[in-house]
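Predicted model and sequence follow; I will ask about them next.
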Amino acid sequence: MTTVRLRTKLILSLIFISSGLATASVVIVHHEVQRRAQADIDEALRNSVVTFQNFQREREVTLTRSAGLLADLPILRALMTTEHAATIQDGSTDLWLLAKSDLFLLADREGRVVALHTSAEGFSPEAAQVALRRSLQSSMDSDWWFDKGHLYRVFLKPIYFGPSMGGSTLGVLGVGYQVNSSVAEEVSQIASSKVAFRYDGNVVVTTLTPNQQAQIITQRDFPSGDNTQAPRILQLAGEQFLATSVKLSLPGNPVVSLTVLKSYDQATIFLRNLNRWMLGIGRSAILVGIGLAFFLSHTFTRPLDNLVSGVHALQKGDYGYPLLPQSGDEVGELTQAFSKMRDGIQKTQNELLHAERLATMGQMASAISHDLRHPLTAILAYAEFLSETKLPEQQRKDFYEEIRQAVNRMADLIGSMLEFAKTRQNLNPVYCSIEDSIRRAIQSVQAKTEFRHIAITTWHDGHCEGWFDPVKLERVFHNLLMNACEAVPPETGMIEIRIRQISDGIEVKIADNGPGIPQPIVETIFAPFVSYGKENGTGLGLAVARKMVQDHGGNICVERTGHEGTVFLLTIPIGHPLEPSTKS
């Protein structure tokens, strides 16, 4: 568990408070100024749209009057009476120049275009014929005409033979201006904004940069020109705009709209400068808070640090760490109380240590005397039998064998205790195969008559060579196999040994089909003097095995145990010839 010191908590608390207050101030001011800036831009956009509409209205009145005057000219009427398209086309050139318009059109009484003049190439007579027919069918005296990227605002006037009231119609006059870059620049200056004229969603002309214009197509939230829509925020080429649109065409016709865009970034320069000032003030507040935190921590937490150091020293067994009360407050009283408590703990611990040593000596003496009593009793009994002179030779040999086995058990017990009592590694590593130690251990176990019928199989995967002490490992596998043989049924017992090479060493699994480790000793199976259900068990076999494996730098554990059997898992690193010698 990660511990956070009081000084760190105090510093972090002040930093968080300072940062929170500074951040909250910046956020509130930023939100309020941003809201106000957006409201100002909205108002400016509405004023720009109203200004353009007034300008558009005055221009349309002027062009309507101009078209009316041209339609009443006698020379135009005389030209239309010829009803000859080529003559009308040629003769209308001077009238077009007189009108000073971007588009000049004449159509006969049937609505067929007989003359067309445009300031820009690309607007075809066919497109003009289609647009004129649509305008006449809709009975409109003004309309928007579009073809091949050219957008015109056209005003239509009938041409009469005689007075306009009661006279016959000779044809139609169309006068219009083109919405080109000059018009866009003029409208942009009037609106003090960027503008874009669109026809059916396609940008015809705009004052935006090419990169910004290319990104208009990808904007899903582009204003459509509906008067009910609020201004929208658009991101174009890394710059934010607040945009609104006004529809210029009448309902039922292709949508022609003007979009006015004001740069939100330029309008909020003050906001960005204010943010910088607020961030600077926030940083200053944080630095002041940190300095205050260090001052407070030095004043209030230094005595606590001394007390904590004394506690850590006590954990390590250092009872002489100096504890000097630096003040008469609660921390000073706590330091004095801890010092007295430490002295009491030291005295109590010395008494407990003395009692524990006596108890340990009694436990070991009891365990040794209990384990040595049976072999010594057997040796004494069989020695008395051997003292008789009339014993048969075979019986004498049997008594001698019993004495030898009892001596071997005593030697094994004493050797196990000495091995377990060693505090340092005592290895003699050589480069060998771990399978050789396992094979010798199997032979040693199966040499006992009662274990000869138990099936012991070995499987291996990969290389099993490394730097090991083969004698120590043979002892490890011997102890494990002896326990397994004693646990499995005599007639159906099976033991399986699997050896596998892993990334950092060798893994060995020893599995048996015994009844499993008894529940009372599962948790303490590797502790010394732990035995269950064995008359002659010393309780040191697994403890010694674990120590030898750990001396090799490995580990041993019970992978699983239950009614299906028990599996011991050993992991032993391959090792190096220099490692054991340097550690021993």
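Sure thing, it's come through.

contacts and neighbour counts: CA atoms only from here.
Fine.

Might you calculate how far stretch 121-131 sits from the centre of the chain?
60 Å (C-alpha atoms, centre = their mean, to the nearest Å).

Okay, buried residues for it please.
Buried residues in stretch 121-131, defined by neighbour count with 16 or more other C-alpha atoms under 10 Å: 123, 125, 128, 129, 131.

can you check stretch 169-183 too?
Buried positions in stretch 169-183, judged by neighbour count with 16+ other C-alpha under 10 Å: 169, 170, 171, 172, 173, 174, 175, 176, 177, 178, 179, 180.

In helices, which of the buried residues of stretch 121-131 fall?
Secondary structure from DSSP state H places 125, 128, 129, 131 of these in helices.

separation between the residue sitting furthest away from the middle of the chain and residue 396?
In the chain, the residue that sits farthest from the middle, by C-alpha atoms, centre = their mean, is residue 390; the gap is 90.1 Å. Per C-alpha to C-alpha, to the nearest Å, residue 390 is found 10 Å from residue 396.

where do the strands sit along the stretch 301-450 of the chain?
Defined through DSSP state E, counting those that start in this stretch, the strands belonging to the stretch 301-450 of the chain, from first to last, are 430-433.

Residue ranges in it under the pLDDT threshold?
Counting by pLDDT under 70, the stretch 301-450 of the chain contains low-confidence ranges at 301, 316-317, 319, 324-329, 331, 353-354, 356-375, 409, 412-413, 415-425.

residue boundaries of the strands in the stretch 1-150 of the chain?
For the stretch 1-150 of the chain, applying DSSP E, counting those that start in this stretch gives strands covering 103-108, 113-118, 142-147, 150-161.

Of all these, which one is nearest residue 74?
When these are ranked by proximity to residue 74, the top entry is strand 150-161, at 9.4 Å, counting by C-alpha to C-alpha.

Now the closest one: buried residues?
Buried-residue list, strand 150-161, by 16+ other C-alpha under 10 Å: 150, 151, 152, 153, 154, 155, 156, 157, 158, 159, 160, 161.

mind checking the SS state of residue 242?
What DSSP: H, G, I helix; E, B strand; the rest coil gives for residue 242 is strand.

And the pLDDT for the closest residue to it other than its chain neighbours?
Spatially, and ignoring its direct neighbours in sequence, residue 242 is nearest to residue 233 (4.6 Å; C-alpha to C-alpha, 6 or more residues apart in numbering). Reading off the confidence values, residue 233 has pLDDT 77.

what sits against residue 233?
By C-alpha atoms under 8 Å, 6 or more residues apart in numbering, the contact list for residue 233 reads 240, 241, 242, 243.

Contact partners for residue 553?
Remark: with contacts taken as C-alpha under 8 Å, 6+ apart, residue 553 is in contact with 572, 573.

So which residues of the stretch 201-350 of the chain form helices?
Per DSSP state H, counting those that start in this stretch, the stretch 201-350 of the chain carries helices over the ranges 210-216, 264-267, 269-300, 302-315, 330-386.

The third one - what's its average pLDDT?
What it means is helix 269-300. Averaged over helix 269-300, pLDDT sits at 71.

Please tell me how far the nearest residue to residue 208 once chain neighbours are set aside sits from residue 235.
Distance criterion C-alpha to C-alpha, 6+ apart; nearest residue to residue 208, sequence neighbours excluded, is residue 194 at 6.3 Å. Residue 194 sits 14 Å away from residue 235, taking C-alpha to C-alpha as the criterion.

okay, those two: which has more neighbours?
Neighbours were tallied for residue 194 and for residue 235 using other C-alpha atoms under 10 Å; the higher tally belongs to residue 194 (21 against 15).

pLDDT weak spots in the stretch 151-300 of the chain?
164-167, 217-230, 266-268, 270-272, 274-275, 282, 289, 293, 296-300.

what sits against residue 240?
If you count contacts by C-alpha under 8 Å, 6+ apart, residue 240 has them with 233, 234, 263, 264, 265.

so which of these is the most crowded?
residue 234 (22 neighbours).

Report how many residues lie close to the closest residue to that residue other than its chain neighbours.
Closest residue to residue 234 in three dimensions, ignoring its sequence neighbours and counting by C-alpha to C-alpha, 6+ apart: residue 241, at 5.1 Å. Using other C-alpha under 10 Å, residue 241 is surrounded by 22 other residues.

Against residue 42, how distant is residue 241?
Separation of residue 241 from residue 42 (C-alpha to C-alpha) stands at 11 Å.

Residue 115 and residue 67, how far apart?
Plainly put, residue 115 is 15 Å away from residue 67 if you go by C-alpha to C-alpha.

which residues touch residue 52?
Residues touching residue 52, when contacts are defined by C-alpha under 8 Å, 6+ apart, comprise 187, 190, 191.

who are the neighbours in contact with the residue nearest to residue 64 when sequence neighbours are not counted?
In space, and not counting its chain neighbours, residue 64 is closest to residue 155: 6.3 Å by C-alpha to C-alpha, 6+ apart. Residues near residue 155 by C-alpha under 8 Å, 6+ apart: 63, 64, 67, 141, 142, 143, 174, 175, 176.

make it 6 Å
By C-alpha atoms under 6 Å, 6 or more residues apart in numbering, the contact set of residue 155 is 141, 142, 174, 175, 176.

Kindly reformat those as TSV and extend each row with distance to residue 198.
Supplementary listing: the contacts of residue 155 in TSV, determined by distance: C-alpha to C-alpha, whole Å:
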residue	distance to residue 198
141	21
142	18
174	22
175	21
176	18
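
wait, which of those residues is closest to residue 355?
Proximity of these to residue 355, judged by C-alpha to C-alpha, is greatest for residue 142, which lies at 115.5 Å.

Check the closest one and give its pLDDT.
At residue 142 the predicted local confidence, pLDDT, stands at 87.

Run a quick neighbour tally on it.
Look at residue 142: counted by other C-alpha under 10 Å, it has 20 neighbours.

in the sheet, who's paired with it?
For residue 142, the beta-bridge assignment (DSSP bridges) gives partners residue 155.

Surely residue 458 is in a strand?
Yes. According to three-state DSSP, residue 458 belongs to a strand.

ok, it - contacts?
Residue 458 is in contact with 497, 498, counting by C-alpha under 6 Å, 6+ apart.

For it, list each beta-bridge partner.
Each beta-bridge partner of residue 458 is listed here, defined by DSSP bridges: residue 497.

separation between residue 93 and residue 153?
Taken as C-alpha to C-alpha, the spacing of residue 93 relative to residue 153 amounts to 20 Å.

again, but for residue 231
As defined by C-alpha to C-alpha, residue 231 lies at a distance of 26 Å from residue 153.

Ok, residue 348 next?
106 Å.

same thing with residue 210?
In this structure, residue 210 and residue 153 are 25 Å apart, going by C-alpha to C-alpha.

cool, residue 554 as well?
With C-alpha to C-alpha as the criterion, residue 554 and residue 153 are 92 Å apart.

Could you report the neighbour count for residue 442?
Residue neighbour count, defined by other C-alpha under 10 Å, stands at 19 for residue 442.

cool, the one 5 residues further on as well?
Residue crowding around residue 447 was assessed by other C-alpha under 10 Å; the count is 11.

Thought residue 261 was touching residue 194, still the case?
Yes. Look at residue 194 against residue 261 with C-alpha atoms under 6 Å: they come within range, at 4.9 Å.

circling back to that earlier point, can you flag which of the buried residues of stretch 169-183 belong to strands?
Among those, the members falling in strands (DSSP state E) are 169, 170, 171, 172, 173, 174, 175, 176, 177, 178.
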